[in-house]
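Novice: the sequence and its predicted three-dimensional model are supplied below.
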Amino acid sequence: MIVSIASDHAGYPLRRDVADYLSKQGHTVIEGGATSADVPYSYVLAGQKVSRDVLEGQAERGIVICGTGIGISMVANKFPGIRCALCTNEFMARMCRQHNDANVLSMGARVIGKGVAFGIVDAFMTEPFDGGRHMTRVNDMKEQEKELFK
Ligand code: RB5
(Lines give C-alpha, C1' and ligand atoms only; values in the text may rest on other atoms or scores of the structure.)
Protein backbone atom coordinates (compact mmCIF):
# COMPACT_ATOMS: atom_id res chain seq x y z
CA MET A 1 0.00 0.00 0.00
CA ILE A 2 1.10 3.61 -0.49
CA VAL A 3 1.07 5.47 2.83
CA SER A 4 1.66 9.17 3.40
CA ILE A 5 3.01 9.95 6.86
CA ALA A 6 3.93 13.30 8.37
CA SER A 7 4.51 14.80 11.79
CA ASP A 8 5.49 17.93 13.62
CA HIS A 9 8.73 18.08 15.65
CA ALA A 10 7.11 16.37 18.66
CA GLY A 11 6.10 13.41 16.50
CA TYR A 12 9.36 13.20 14.57
CA PRO A 13 11.09 10.28 16.37
CA LEU A 14 7.96 8.11 16.36
CA ARG A 15 7.24 9.05 12.75
CA ARG A 16 10.71 7.88 11.69
CA ASP A 17 10.20 4.58 13.54
CA VAL A 18 6.76 4.03 11.99
CA ALA A 19 8.00 4.95 8.49
CA ASP A 20 10.85 2.41 8.76
CA TYR A 21 8.46 -0.20 10.17
CA LEU A 22 6.07 0.23 7.23
CA SER A 23 8.89 0.23 4.64
CA LYS A 24 10.23 -3.03 6.05
CA GLN A 25 6.75 -4.53 5.58
CA GLY A 26 6.93 -3.62 1.89
CA HIS A 27 4.70 -0.54 1.92
CA THR A 28 5.63 2.53 -0.11
CA VAL A 29 6.04 5.39 2.33
CA ILE A 30 5.76 9.09 1.45
CA GLU A 31 7.27 10.96 4.37
CA GLY A 32 6.77 14.62 5.16
CA GLY A 33 6.78 17.19 7.90
CA ALA A 34 9.48 17.94 10.48
CA THR A 35 13.09 17.15 9.64
CA SER A 36 14.21 17.01 13.26
CA ALA A 37 12.81 16.84 16.77
CA ASP A 38 14.68 20.03 17.64
CA VAL A 39 13.33 22.43 15.04
CA PRO A 40 9.70 23.47 15.62
CA TYR A 41 7.41 22.46 12.75
CA SER A 42 3.68 23.11 12.68
CA TYR A 43 1.36 20.15 13.03
CA VAL A 44 -1.03 22.10 10.81
CA LEU A 45 1.32 21.88 7.81
CA ALA A 46 2.01 18.20 8.47
CA GLY A 47 -1.71 17.38 8.72
CA GLN A 48 -2.45 19.29 5.53
CA LYS A 49 0.25 17.43 3.60
CA VAL A 50 -1.06 13.97 4.47
CA SER A 51 -4.70 14.95 3.91
CA ARG A 52 -3.92 16.32 0.46
CA ASP A 53 -1.89 13.22 -0.48
CA VAL A 54 -4.85 10.99 0.44
CA LEU A 55 -7.51 13.17 -1.22
CA GLU A 56 -5.45 13.59 -4.41
CA GLY A 57 -4.89 9.84 -4.62
CA GLN A 58 -1.10 9.98 -4.12
CA ALA A 59 -1.57 7.74 -1.08
CA GLU A 60 -4.16 5.12 -0.14
CA ARG A 61 -3.82 5.74 3.60
CA GLY A 62 -2.40 8.48 5.78
CA ILE A 63 -0.76 8.59 9.19
CA VAL A 64 -0.32 11.82 11.14
CA ILE A 65 1.65 12.21 14.35
CA CYS A 66 2.09 15.14 16.75
CA GLY A 67 2.70 15.31 20.49
CA THR A 68 -0.82 14.32 21.51
CA GLY A 69 -2.29 13.41 18.12
CA ILE A 70 -5.06 15.90 18.88
CA GLY A 71 -4.11 19.01 16.92
CA ILE A 72 -3.05 17.12 13.83
CA SER A 73 -6.25 15.01 13.80
CA MET A 74 -8.30 18.21 14.02
CA VAL A 75 -6.48 19.55 10.97
CA ALA A 76 -7.01 16.36 8.97
CA ASN A 77 -10.71 16.15 9.86
CA LYS A 78 -11.33 19.62 8.46
CA PHE A 79 -10.71 18.21 4.97
CA PRO A 80 -13.93 16.87 3.42
CA GLY A 81 -13.28 13.23 2.52
CA ILE A 82 -10.81 12.63 5.33
CA ARG A 83 -11.91 10.38 8.18
CA CYS A 84 -9.07 10.67 10.67
CA ALA A 85 -9.10 8.57 13.83
CA LEU A 86 -6.97 9.42 16.86
CA CYS A 87 -6.09 6.04 18.37
CA THR A 88 -4.33 5.22 21.61
CA ASN A 89 -4.74 1.46 21.44
CA GLU A 90 -5.17 -1.41 19.01
CA PHE A 91 -8.89 -1.83 19.70
CA MET A 92 -9.59 1.74 18.58
CA ALA A 93 -7.50 1.18 15.47
CA ARG A 94 -9.45 -1.97 14.58
CA MET A 95 -12.76 -0.23 15.17
CA CYS A 96 -11.86 2.87 13.18
CA ARG A 97 -11.33 0.64 10.17
CA GLN A 98 -14.23 -1.78 10.72
CA HIS A 99 -16.89 0.79 11.61
CA ASN A 100 -15.67 4.16 10.34
CA ASP A 101 -13.57 3.27 7.28
CA ALA A 102 -10.92 5.68 8.58
CA ASN A 103 -8.46 6.70 5.88
CA VAL A 104 -6.07 8.57 8.17
CA LEU A 105 -4.68 7.43 11.52
CA SER A 106 -3.50 9.91 14.14
CA MET A 107 -1.20 9.07 17.06
CA GLY A 108 0.36 11.06 19.88
CA ALA A 109 4.07 10.52 20.32
CA ARG A 110 3.93 11.88 23.86
CA VAL A 111 1.05 9.55 24.70
CA ILE A 112 2.06 6.11 23.46
CA GLY A 113 5.34 4.24 23.00
CA LYS A 114 6.75 2.60 19.90
CA GLY A 115 5.44 -0.89 20.70
CA VAL A 116 1.85 0.27 21.14
CA ALA A 117 2.16 2.45 18.03
CA PHE A 118 3.29 -0.51 15.92
CA GLY A 119 0.28 -2.56 17.09
CA ILE A 120 -2.03 0.34 16.20
CA VAL A 121 -0.41 0.72 12.79
CA ASP A 122 -0.74 -3.02 12.07
CA ALA A 123 -4.46 -2.92 12.85
CA PHE A 124 -5.01 0.27 10.84
CA MET A 125 -3.19 -1.16 7.81
CA THR A 126 -4.81 -4.59 7.78
CA GLU A 127 -8.32 -4.37 9.21
CA PRO A 128 -11.04 -4.21 6.53
CA PHE A 129 -14.12 -1.97 6.58
CA ASP A 130 -17.21 -3.96 7.63
CA GLY A 131 -19.61 -2.13 5.29
CA GLY A 132 -23.31 -2.92 5.81
CA ARG A 133 -24.92 -0.64 8.41
CA HIS A 134 -21.57 1.08 8.87
CA MET A 135 -21.57 2.00 5.17
CA THR A 136 -24.88 3.82 5.72
CA ARG A 137 -23.30 5.92 8.47
CA VAL A 138 -20.17 6.68 6.50
CA ASN A 139 -22.41 7.72 3.60
CA ASP A 140 -24.35 9.95 5.99
CA MET A 141 -21.07 11.63 6.94
CA LYS A 142 -20.35 12.21 3.25
CA GLU A 143 -23.82 13.72 2.81
CA GLN A 144 -23.16 15.98 5.79
CA GLU A 145 -19.93 17.17 4.14
CA LYS A 146 -21.77 17.93 0.91
CA GLU A 147 -24.39 19.86 2.85
CA LEU A 148 -21.91 21.86 4.92
CA PHE A 149 -19.37 22.58 2.19
CA LYS A 150 -21.61 23.35 -0.79
C1 RB5 B 1 3.76 20.70 20.11
O2 RB5 B 1 4.35 21.21 21.24
C3 RB5 B 1 2.34 20.21 20.42
O4 RB5 B 1 1.51 21.28 20.67
C5 RB5 B 1 1.81 19.39 19.27
O6 RB5 B 1 2.68 18.35 18.96
C7 RB5 B 1 0.47 18.72 19.47
O8 RB5 B 1 0.43 17.96 20.63
C9 RB5 B 1 -0.71 19.56 19.28
O10 RB5 B 1 -1.87 19.09 19.31
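Specialist: All right, it came through fine.
Novice: what's the first helix or strand after the helix or strand where residue 122 lies?
Specialist: Using DSSP states H and E, residue 122 sits in helix 114-126. Going down the chain from helix 114-126, the next helix or strand is helix 133-148, by DSSP H and E.
Novice: how far does that following helix sit from the chain's center?
Specialist: 19 Å (Cα atoms, centre = their mean, to the nearest Å).
Novice: and it, what's buried?
Specialist: For helix 133-148, the neighbour count (16 or more other Cβ atoms under 10 Å) marks residue 138 as buried. For glycine as for every other residue, the C-beta is placed from the backbone atoms N, C-alpha and C.
Novice: helices or strands up against that helix?
Specialist: Using 3 or more Cβ pairs under 8 Å, 6 or more residues apart in numbering; DSSP states H and E as the contact criterion, no helix or strand is in contact with helix 133-148.
Novice: quick one, what contacts the residue most central in space within the chain?
Specialist: Centroid-nearest residue in the chain: residue 105, 2.4 Å away (criterion: Cα atoms, centre = their mean). Contacts for residue 105 (Cβ atoms under 8 Å, 6 or more residues apart in numbering) come out as 61, 62, 63, 64, 84, 85, 87, 93, 96, 120, 121, 124.
Novice: rerun that using 7 Å as the cut-off
Specialist: 63, 85, 87, 93, 120, 124 (Cβ atoms under 7 Å, 6 or more residues apart in numbering).
Novice: can you check residue 93 too?
Specialist: Contacts of residue 93 by Cβ under 7 Å, 6+ apart are 87, 105, 120, 123, 124.
Novice: need those residues in TSV with distance to the ligand and pLDDT, can you?
Specialist: Listed next are the contacts of residue 93 as TSV, based on distance: Cβ to the nearest ligand atom, whole Å; pLDDT from 0 to 100:
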residue	distance to the ligand	pLDDT
87	15	99
105	15	99
120	17	99
123	22	98
124	19	98
